[in-house]
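A.B. asks: Sequence and predicted structure, then a few things I'm wondering about:
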Amino acid sequence: MDSREVPRPKVPSFDQTEINWDKLDKTKLYVVGAGIFSGVTVALYPISVIKTRMQVASGDAVQKNAFSAFRNILAVDGIRGLYRGFGTVITGAIPARIIFLTSLETIKAASLKMVNPFNLSEPVQAAVANGIAGMSASLCSQSVFVPIDVVSQKLMVQGYSGHAKYNGGLDVVRKILKAEGIRGLYRGFGLSVMTYSPSSAVWWASYGSSQRIIWRLLGHSRDSEDVPSQWKIVGVQATGGVIAGAVASCITTPIDTIKTRLQVMDNQKRQNAREVVKRLIAEDGWKGLYRGLGPRFFSMSAWGTTMIVAYEYMKRLCAKSEEL
């Protein structure tokens, strides 16, 4: 070899932990993903029910903490009460997640190319690209997700704190369409976009940047040649998920509380966002805007951590074989 030959650049260790969209078998990804994310939803769904109950409760029905809400649900409805609306969510979540993940990965790849010329630090570059991708993916999936959210949350709180009862998800849809038309299925759409899009942007930005920072703290930088072990990769991804969940839940819980209240209201009791805020403050002070913060933080951290570890593992399972 010519001694003047320029040495090959070293590959940053974090790139060895990520699999780009163009390296994935998309069909396998969607099939495997449907199974994995359905399993995660089964495990974490009760937390969403508890959070929703805490956010919509009024007067004497207000629960002091998540454990009280949990005991109340079990006492009144048993285990079934923790899975109210689950059928609707699991049916609609598959197309919503396909849209989300496809948008996320394609936009993230494009965003990384877009910010590359600015010579930003690795954490900032990751935060910007992941944040843009997370927000855009959330916007793309809201058209499917919001009607699912409206129906499932009405089922979660049916018969509770004065809310109406239904005979399943189709009955909810039929009554909403009769009372309000198609607009009823998109009640709170603006607030959902304001909640989930920034939340998704903050979550993915926090996750992307925290990973880079953790790798640096562990001694893996752009000049590192060693490949981290699978357990170390999973540990960093899980830690990044917890950090991202904590940041996103603290920032977006007030908007989520207002959105949830608007979505579960009966048509006769309909209020606007300003009236909802005034009532929450009157009932519980400013801390009323943070009702359900504990379950939401736990849900976002647990869901985010489980989801990201499962998703990254799924990407490794679905990676295309390298051509020789």
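C.D. replies: Happy to help now that I have it.
A.B. asks: tell me what the host helix or strand of W303 is packed against?
C.D. replies: If you go by DSSP states H and E, W303 is part of helix 293-317. In terms of contact count using 3 or more CB pairs under 8 Å, 6 or more residues apart in numbering; DSSP states H and E, helix 293-317 is assigned the packing partners helix 26-56, helix 66-77, helix 189-217, helix 230-264. From N, CA and C alone the C-beta is placed, and that goes for glycine too.
A.B. asks: swap the cut-off to 10 Å and go again
C.D. replies: The helices and strands touching helix 293-317, judged by 3 or more CB pairs under 10 Å, 6 or more residues apart in numbering; DSSP states H and E, are helix 26-56, helix 66-77, helix 86-115, helix 189-217, helix 230-264.
A.B. asks: Output these as JSON lines; include the columns mean pLDDT.
C.D. replies: Formatted as JSON lines, the helices and strands packed on helix 293-317 follow (pLDDT from 0 to 100):
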{"stretch": "helix 26-56", "mean pLDDT": "85"}
{"stretch": "helix 66-77", "mean pLDDT": "87"}
{"stretch": "helix 86-115", "mean pLDDT": "88"}
{"stretch": "helix 189-217", "mean pLDDT": "88"}
{"stretch": "helix 230-264", "mean pLDDT": "87"}
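A.B. asks: how far off helix 189-217 does the helix holding W303 point, in degrees?
C.D. replies: Interaxial angle of helix 293-317 relative to helix 189-217 (axes from the mean of the first three to the mean of the last three CA atoms, to 10 degrees): 60 degrees.
A.B. asks: pLDDT (mean, whole number) over helix 293-317?
C.D. replies: Mean pLDDT, computed over helix 293-317, is 81.
A.B. asks: Buried residues of that helix, list them for me.
C.D. replies: Residues 293-315 are the ones in helix 293-317 that count as buried (16 or more other CB atoms under 10 Å).
A.B. asks: And for stretch 141-151?
C.D. replies: Those would be S141, Q142, V144, F145, V146, P147, I148, D149, V150, V151, for stretch 141-151 by 16+ other CB under 10 Å.
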